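Undergrad: what's the 3D shape of this:
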Amino acid sequence: MVGRFVDWIIAVIALAGLTGTVWWSVYGSPNSAHALEADLQTKAETALAAAGHGWAKVVVSGQTATISGQSPSHDTLQAALETVLQSAGDGGFIFGGITAVSDAVEAAPPISPYIWSAKKMADGRLALTGHVPTAAIRDALLTDAEAIAPGEVDNRLQVGSGQPLGDWQAVARRGLMQLDLLDEGTVELVDSRLLVRGVAASDEIRTQVISDIGSIAGSYRGETKLRGAQLWAARLKGGDLIVSGQVRSVQERGEVIALANEYFEGDVQDRMTVAAHDHRSWMDGIRLGLPHFSKFRTGQMAFDPEGDGYRIQGTATDSVLSYLSEDMADIDAFAVAIDVELVDAALDEISGIDFSSDLAAACQQAFEAVLASNAITFESSAATITRDSGVTLDKLVGVARRCDGLFLEVRGHTDSYGERAFNIQLSEARAAAVINYMTDRGLAADRFDAVGLGPDLPIATNDTRAGRAANRRIEFNVIEGGG
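TA: Numbering: from 1, shown residues only. A predicted model of the protein is given here:
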């Protein structure tokens, strides 16, 4: 009887051990089916993200994966399937990677209009944007662009379906090859229309490009809008301002160089020649535009009397573009074309401020840091902001954008000269002028309030010119949750 009881005990222990072993092998072991599935899921998701397949979702069951989502194209789907299949290596059935991948993918809606473009800058650099039918075509066009560009190509191409029938790649490549012949320009393929615009250095190049683009056959059609080489140009390159082309006299040449040296902080390279031409008033646009262009980050200013007239393109801060546009609006003898990409002002003053913990405190510190070394000035007894304040305003806009969600009280102060009531009114008007500048740049008006404090809170004596200048100031007060 005892022996039979012992046998039962041994059998129960054995069964418990077997159950524990099975549980461990399935759930507890690092090589268990459960742990393996979780590991494969993580690796598949990571691999898809790294390969740029943000459209795809993956679910792993055992060692089989299923992809869902909207695929931009067939070859993109195939690439995603292969990415998941290889995401954990080849391996074996038990301890290896994913053994099979199926798809429950829908085709993404076709893109319309279907646009691809290439842009050649004045220094020869190329930028590619828009959509291409397949990854293979994207890579081929990128290789073509790299072969003709002097530096790295700015590649922003995306794969997507919706291209018209026919040899789309051949048409895009033809446009890219013709763009290589131009000094600068753009080629844009919108559905079945290829448009090439830019500057041809000679009549021979102009004729060649027009002929080649015009000979596109089939369902595609080509157009060109080309202009001749500019008569005069200023170009920013490698930290230098290079002025080239023709001026009408030695005096004009000297005036251009004097303007460039006055407003440009780097070195000015003079490559101009004196050659008579009939455009007597052409210097009007140079006098108005070159001081502003000298403050651009990148770009070119050109005079082409047979084309755009004065053409200014590049990157600049908001105030530089605003003042340039205001002044060039006075030109009536020639056309004016301005194509500027806005960039933020440099904010070295706030480089050491931590915005990650207490945003309100950090923003208050940032406004104070900017205004400590940059002034906002106004015309005498008026609320008109002087142009010398442009850099300061751009910096303040940059800080305000970084401090999104916070209420900002803009306080105006004056010195003690004049009647107090007038100074109170003037200081509020000046604060409102600063707010108007910022809201004109897209900041929400309900984030701001203008307060005029006049002469009531001086920070220096009003008995000296320097003290009075210090008292005439704008301050920002950050209010968390205000409004």
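
Undergrad: G454 contacts S427, doesn't it?
TA: Yes: using C-beta atoms under 8 Å, G454 is in contact with S427, at 5.0 Å. For the C-beta atoms, the positions are set from N, CA and C on the backbone; glycine is no exception.

Undergrad: Those two: who's more crowded?
TA: Set side by side, G454 and S427 show unequal neighbour counts under other C-beta atoms under 10 Å, the larger going to S427 at 26 against 22.

Undergrad: out of everything not next to it in sequence, what's closest to that one?
TA: Among residues not flanking S427 along the chain, G412 sits closest, at 3.4 Å (C-beta to C-beta, 6 or more residues apart in numbering).

Undergrad: So what's the residue count around the one you found?
TA: By the measure other C-beta under 10 Å, the count of residues near G412 is 28.

Undergrad: what do you get for R173?
TA: Other residues close to R173 by other C-beta under 10 Å number 16.

Undergrad: how about it, what does it touch?
TA: When contacts are counted by C-beta atoms under 8 Å, 6 or more residues apart in numbering, R173 is found next to 140-141, 144.

Undergrad: Could you export those as CSV, including pLDDT, secondary structure and neighbour count?
TA: Formatted as CSV, the entries for the contacts of R173 read as follows, by pLDDT from 0 to 100; DSSP: H, G, I helix; E, B strand; the rest coil; neighbours: other C-beta atoms under 10 Å:
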residue, pLDDT, secondary structure, neighbour count
A140, 95, helix, 15
L141, 95, helix, 21
D144, 95, helix, 20
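
Undergrad: Let's have those residues in a markdown table, adding distance to Q169.
TA: Formatted as a markdown table, the contacts of R173 follow (distance: C-beta to C-beta, whole Å):
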| residue | distance to Q169 |
| --- | --- |
| A140 | 7 |
| L141 | 7 |
| D144 | 10 |
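
Undergrad: Return the member of those residues nearest to L396.
TA: Comparing those against L396 with C-beta to C-beta picks out L141 as the nearest, at 42.4 Å.

Undergrad: ok, the closest one touching W168?
TA: No: using C-beta under 8 Å, L141 and W168 do not qualify as a contacting pair, with a distance of 10.5 Å.

Undergrad: what's the closest non-adjacent residue to H292?
TA: L324 (3.8 Å).

Undergrad: Distance from whichever strand or helix holds the one you found to the middle of the chain?
TA: Here L324 sits within helix 318-328, counting by DSSP states H and E. Between the centre of helix 318-328 and the centre of its chain there are 20 Å (C-alpha atoms, centre = their mean, to the nearest Å).

Undergrad: Can you give the strand pairings for the helix or strand following that helix, parallel or anti for each?
TA: Moving toward the C-terminus from helix 318-328, the next helix or strand (DSSP H and E) is strand 336-342. Using DSSP bridges, the strands paired with strand 336-342 in its sheet are strand 309-316 (parallel).

Undergrad: Pretty sure the residue nearest to S427 sits against P455.
TA: No: counting by C-beta under 8 Å, no contact exists between G412 and P455, whose distance comes to 10.9 Å.

Undergrad: ok, residues contacting stretch 201-213?
TA: Stretch 201-213 is contacted by residues 174-175, 178, 181-183, 194, 196, 200, 222-224, 226, 228-229 when judged by C-beta under 8 Å, 6+ apart.

Undergrad: All good on my end, thank you.
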